[in-house]
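Asks: This is a predicted model, with the sequence first.
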Amino acid sequence: MTPTMLSLVLFLLWPIGPAMAILPTGSIDVTSPTTGERFTLLASQASFGSYPAMGPSSPANPLMELILPPADDPLLCAETDGRANYTNLNPHGRERRDLLSWFGSSSKSNVEDNPNRAMLVPRGSCTFERKALSAQRLGATAVILYGTLDSRYALNKTILGPNATDAERKAANERTYTIDDVLWPGDKYDYDCSYGRAYVPTSLLSFEPLPYNGRYNDAKLTGTLEEGNLCAVHSDPSQPKGKNFADLCPSKRCLLTGKTNKDDNNPNGGGVQVSGIVGGGAAGGGTTMEACCAWDLHVWLYSDPSIPTWYEPIHIPAFYVTMEEGSQLFATMAESDGATNPAAVGVTMYARWAPKYNPSAILIWALGVLVCFVASYMSASEYRGLRFEAKRRLFEMTVGSSSASSIPSGGPDEGLVGGDRFDDEPQPAPMEAEVPSASGGSGSAAMNGTPRSRSRSRSPEERLQQQQQQQGHYAPSHAVGSTDADAVSVSASAAGSVSAASAGANSNANVAAT
């Protein structure tokens, strides 16, 4: 391979990177007030809200303080559940300042002096847009949502409609849920066991309240073997090459699948109640539950169709970061809170650079057009063959058979005088000659039953004679150099005068008699 070809291949392969679920179109620059360290996190954007300008240096992307939701609403779903209403809060009133007082590191700063705030909200319990709407009502100028293991568990509850009776509502409120009502994470959607499997004793976990106690379990199912990850401690020894869970799982996090050793064939835990799962470890004959490597990828923040946009549109940007990136943000905030002079962590949210015109889109379009053209051309090959065959048959019916099919069966020299060869030109089909009658009228003499003969290579005089015959002029029945068979052919196809027709008829009779 020449250096030029190698350079071209490297240039074409340069944009190729690791596959990701959603292309992160946003970035977040984080600044630690304690150490002054700066790092960048990739993020995916939302279908709702505003879109920040491109690049961190744009004046439209100010430096914001990183804040947390209120203490009594950590998931920011209280409005969705009907437990809170942030709609009528005064932007500068005491009520909002009291809610903003528990915001981690930002509690060390004044609300009015720092109007730009990005709220860090965990995923789960309600839609992304509902969380963004509540954050906007609380005064946040941006919202950063991050993934959690807790958000992948849910309860199979009955959602009552507006026409539900009081008895149905009372029964729903008084219903007692068990482990059978837990909706466990989905295989290949939330986790993949081929990247690591473990069997964790349920006595080391907490399922109260149902479906899953994230505050207690998430930390125990995250990290490496040295950090005490239960999935790494209780890793499946039958994994490929005897590797540990922490060596196989890229995210260093695991999700419970709901399959226990009580009933391996039942993915929902075999009907074991919460008390049965919690009681006893594996060593004491208790319950163990399968756990597999969790996916930790960016997701697209879809809008909530139940929120009317005309009522209160969302005008703040919303970003999503992974579980690992969320842990980095929390670690930076904890480091700042523990410093001698605590201060807020600063973040700048912006859109990643993208070209105004995308040449790859044009290339993909051209490739698609070429594929469609080739596919349509190849799929019509049978039609083109049938069309050609139809044209060939029509040509044979109109003009005559080709020279190859008209050669006598006895060989190419059969019936020839002096070794002359047949003409390569196709001969006209047999046709009826208009022969005038003796009384001056005209009649048609069909050549049915008369074999059509092929002519030899003709002299200029013979060609002129044939043209005169086709134009209706008189032609002798025996031209120069003609045979009796030629006379028969000429007399049959000519349209001449009465004397020529009579001479042709007599000649035909003589030939038939001999």
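Replies: Sure, I can see it.
Asks: use CA for all of it now, contacts and neighbours both
Replies: OK.
Asks: For residue 355, give its distance to residue 340.
Replies: For residue 355, the distance to residue 340 equals 45 Å [Cα to Cα, to the nearest Å].
Asks: Ramachandran coordinates for residue 182?
Replies: phi -80, psi 130 (degrees, to the nearest 10).
Asks: And the pLDDT for it?
Replies: pLDDT for residue 182: 91.
Asks: and the closest residue to it other than its chain neighbours, how many neighbours does it have?
Replies: Excluding the flanking residues, the one nearest residue 182 by Cα to Cα, 6 or more residues apart in numbering is residue 155, at 4.7 Å. By other Cα atoms under 10 Å, 16 other residues sit near residue 155.
Asks: phi, psi of residue 155?
Replies: phi -100, psi 140.
Asks: Isn't it up against residue 212?
Replies: No. Assessed by Cα atoms under 8 Å, residue 155 is found out of contact with residue 212, at 9.3 Å.
Asks: mind listing what's buried in stretch 60-77?
Replies: With burial defined by 16 or more other Cα atoms under 10 Å, the residues of stretch 60-77 counted as buried are 61-70, 75-77.
Asks: so where's the longest strand in the protein?
Replies: The longest strand of the chain (DSSP state E) is strand 191-201.
Asks: can you list the residues that contact it?
Replies: 185, 187, 230-232, 234-236, 239, 244-246, 248-250, 254-255, 281-282, 286-295 (Cα atoms under 8 Å, 6 or more residues apart in numbering).
Asks: Could you rerun that using 7 Å?
Replies: Residues outside strand 191-201 that contact it (Cα atoms under 7 Å, 6 or more residues apart in numbering): 230-231, 234-236, 245, 248-249, 255, 281-282, 287-295.
Asks: Return the set of buried residues in it.
Replies: 191, 192, 193, 195, 196, 197, 198, 199, 200, 201.
Asks: Please convert those to JSON lines, extending it with distance to residue 325.
Replies: Formatted as JSON lines, these follow (distance: Cα to Cα, whole Å):
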{"residue": "191", "distance to residue 325": "18"}
{"residue": "192", "distance to residue 325": "20"}
{"residue": "193", "distance to residue 325": "23"}
{"residue": "195", "distance to residue 325": "20"}
{"residue": "196", "distance to residue 325": "21"}
{"residue": "197", "distance to residue 325": "23"}
{"residue": "198", "distance to residue 325": "24"}
{"residue": "199", "distance to residue 325": "27"}
{"residue": "200", "distance to residue 325": "26"}
{"residue": "201", "distance to residue 325": "28"}
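Asks: For stretch 318-329, C-alpha coordinates in CSV please.
Replies: What follows is stretch 318-329, C-alpha atoms only, in CSV (Å, rounded to 0.1, in the frame of the first residue of the first chain):
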residue,chain,number,x,y,z
ALA,A,318,-32.1,20.0,30.1
PHE,A,319,-29.1,17.7,29.9
TYR,A,320,-28.7,14.0,30.8
VAL,A,321,-25.5,12.4,32.2
THR,A,322,-24.7,8.8,33.0
MET,A,323,-24.5,7.3,36.5
GLU,A,324,-20.7,7.5,36.4
GLU,A,325,-20.8,11.2,35.5
GLY,A,326,-23.4,11.9,38.1
SER,A,327,-21.1,10.3,40.7
GLN,A,328,-18.3,12.7,39.6
LEU,A,329,-20.5,15.7,40.1
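Asks: oh, and call the first residue 429 from now on, that's how I've got it
Replies: New numbering, starting at 429: the last item is stretch 746-757.
Asks: If you count neighbours, what's buried in that stretch?
Replies: By neighbour count on 16+ other Cα under 10 Å, the buried set for stretch 746-757 is 746, 747, 748, 749, 750, 751, 752, 753, 754, 757.
Asks: Please enumerate residues in contact with that stretch?
Replies: Contacting residues not belonging to stretch 746-757 are listed as 469-474, 477, 560, 570-576, 724-726 [Cα under 7 Å, 6+ apart].
Asks: swap in stretch 641-659?
Replies: Residues contacting stretch 641-659 (Cα under 7 Å, 6+ apart): 577-578, 626, 628, 633-635, 660-661, 673-674, 680-682, 719.
Asks: Let me know the next secondary structure element after the biggest helix by length in the chain.
Replies: Among the segments of the chain that qualify as a helix by DSSP state H, the longest is helix 787-807. Where DSSP states H and E defines the elements, the next helix or strand beyond helix 787-807 is helix 809-826.
Asks: Helix, strand, or coil at residue 736?
Replies: On the three-state scheme (DSSP: H, G, I helix; E, B strand; the rest coil), residue 736 is labelled coil.
Asks: count of neighbours near it?
Replies: The tally of other residues near residue 736 (other Cα under 10 Å) stands at 9.
Asks: What's the per-residue pLDDT of it here?
Replies: The predicted local confidence for residue 736 is 77.
Asks: show me where this protein has strands.
Replies: 454-459, 466-473, 492-495, 545-550, 570-574, 582-583, 610-611, 619-629, 682-688, 716-722, 746-749, 774-779, 861-864, 870-873.
Asks: in the sheet, who's paired with residue 467?
Replies: residue 458 (DSSP bridges).
Asks: contacting residues for it?
Replies: With Cα under 7 Å, 6+ apart, residue 467 has these contacts: 457, 458, 459.
Asks: picking that back up, just the buried ones among the contacts of stretch 641-659, please.
Replies: Of the contacts of stretch 641-659, these count as buried by 16+ other Cα under 10 Å: 577-578, 626, 628, 633-635, 660-661, 673-674, 680-682, 719.
Asks: Among those, which lie within helices?
Replies: Within the buried ones among the contacts of stretch 641-659, residues falling in helices by DSSP H are 660, 661, 673, 674.
Asks: thought the last one was touching residue 660?
Replies: Right, the one you point to is residue 674. Yes. Between residue 674 and residue 660 there is a contact under Cα atoms under 7 Å: 5.4 Å.
Asks: Quick check, pLDDT for residue 897.
Replies: 65.
Asks: Kindly report the same for residue 513.
Replies: Residue 513 is assigned 87 on the pLDDT scale.
Asks: how about it, what does it touch?
Replies: Residue 513 makes contact with residue 507, according to Cα under 7 Å, 6+ apart.
Asks: Need the phi and psi values for it.
Replies: The phi/psi pair for residue 513 (degrees, to the nearest 10) is phi -140, psi 110.
Asks: neighbours around residue 514, how many?
Replies: Counted with other Cα under 10 Å, residue 514 comes out at 17.
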